[in-house]
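Q: I would like to see how this sequence folds:
(4 chains)
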Protein chains: 2
Amino acid sequence: MSLARMTPELFALVAERFRAFAEPNRLQILHVLRLREHTVSELVEETGIGQANLSKHLQQLLSCGLVARRKEGLYTHYSLADRDVLKMCDLMCGRLERETKERKKAFAAK
Amino acid sequence: MSLARMTPELFALVAERFRAFAEPNRLQILHVLRLREHTVSELVEETGIGQANLSKHLQQLLSCGLVARRKEGLYTHYSLADRDVLKMCDLMCGRLERETKERKKAFAAK
DNA sequence: CGACTGCATCACAAGATAGTAATGCAGTTG
DNA sequence: CAACTGCATTACTATCTTGTGATGCAGTCG
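A: Numbers count the residues shown, from 1 in each chain, chains lettered A, B, ... in the order given. Down below sits the predicted model:
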């Protein structure tokens, strides 16, 4: 966000990027891709998500630049676009951890 | 996300946090709060968002731990919960900037 | 205590999003 | 070239989200 003046269009674009992360199945996909590149059918196996559904999620992740695609014959390989994708997830998970930890502490204090 | 094994519940929780960021009006609210604490009516003025709507957005931000609330007499003051909130936004904005820059370059290359 | 103010909540309409079965299509194989 | 495979796309339904006007409620002030 920096200190630059933000326009409604920019807010919308940033929101769109965040929305790509804002779905459990998509997070799971990113999590699986963390290990290595996968084909769509591998992802179907790994995640248990239906093929059509998975394909749509992959399109969203791709159009937001979160994953990269590599076509090879009959197969399409997907992988994480860059390290920042993981950084985002880890940052959010860190927040969540601290949060639950503090909640535990609050309980303990009572 | 780290390397810990992720459960469906965790994915859902993380997704919920991301969803809090995934709305233009909420991003605008966070952006305004970046300067300083604001009351709800100040935020209505600053953002142009309707009072009821704004109030709901603030509840969401609060329940996800993105903002803090301080009641004082008739007024409710909201502020950013911590520095990480800005870090998230800046990280995402950075991605977006790079993305558009590369797109420009791609155009230029043609 | 009665009117007022700032904010939260409710109820509802409108729009967006996810899941699924069916279909399309490019690339491969016999 | 005909059948098959992996994936994308379409069409449709169910669910969730957002915006808004009305209402409720706690705190303040005359």
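Q: and the longest helix along chain A, what other elements does it pack with?
A: For chain A, the helix with the greatest residue count under DSSP state H is helix A:83-109. Where contact means 3 or more C-beta pairs under 8 Å, 6 or more residues apart in numbering or on different chains; DSSP states H and E, helix A:83-109 is packed against helix A:8-21, helix A:24-33, helix B:8-21, helix B:83-109. Where C-beta positions appear, they are placed from N, C-alpha and C, glycine not excepted.
Q: And A:Lys87, how far from DNA strand C?
A: Note on A:Lys87: its distance to DNA strand C, by C-beta to the nearest atom of the strand, to the nearest Å, is 22 Å.
Q: the bottom helix or strand of chain A by mean pLDDT?
A: Taking mean pLDDT, DSSP states H and E as the measure, chain A has helix A:83-109 as its least confident helix or strand, at a mean of 85.
Q: Compute the inter-axis angle for that helix and helix A:8-21.
A: Note on geometry: by axes from the mean of the first three to the mean of the last three C-alpha atoms, to 10 degrees, helix A:83-109 and helix A:8-21 are set 70 degrees apart in direction.
Q: List the contacts of the closest residue to A:Ala20 other than its chain neighbours.
A: Among residues not flanking A:Ala20 along the chain, A:Cys64 sits closest, at 4.0 Å (C-beta to C-beta, 6 or more residues apart in numbering or on different chains). Residues in contact with A:Cys64 (C-beta atoms under 8 Å, 6 or more residues apart in numbering or on different chains) are A:Glu16, A:Arg17, A:Ala20.
Q: What of A:Val67?
A: Taking C-beta under 8 Å, 6+ apart, we find A:Val67 in contact with A:Ile29, A:Leu30, A:Leu33, A:Leu58, A:Leu61, A:Tyr78, A:Ser79, A:Leu80, A:Ala81, A:Val85.
Q: Could you identify which of the helices and strands packed on helix A:83-109 is most buried?
A: Across those, the average number of neighbours (mean count of other C-beta atoms under 10 Å in any protein chain shown) peaks for helix A:24-33, which reaches a mean of 22.
Q: Can you name the element that comes right after that one?
A: In the C-terminal direction, the helix or strand that comes right after helix A:24-33 (DSSP states H and E) is strand A:38-39.
Q: what about that next one and DNA strand D, any contact?
A: Yes. Strand A:38-39 lies in contact with DNA strand D when judged by C-beta under 7 Å from any atom of the strand; the contacting residues are A:Thr39.
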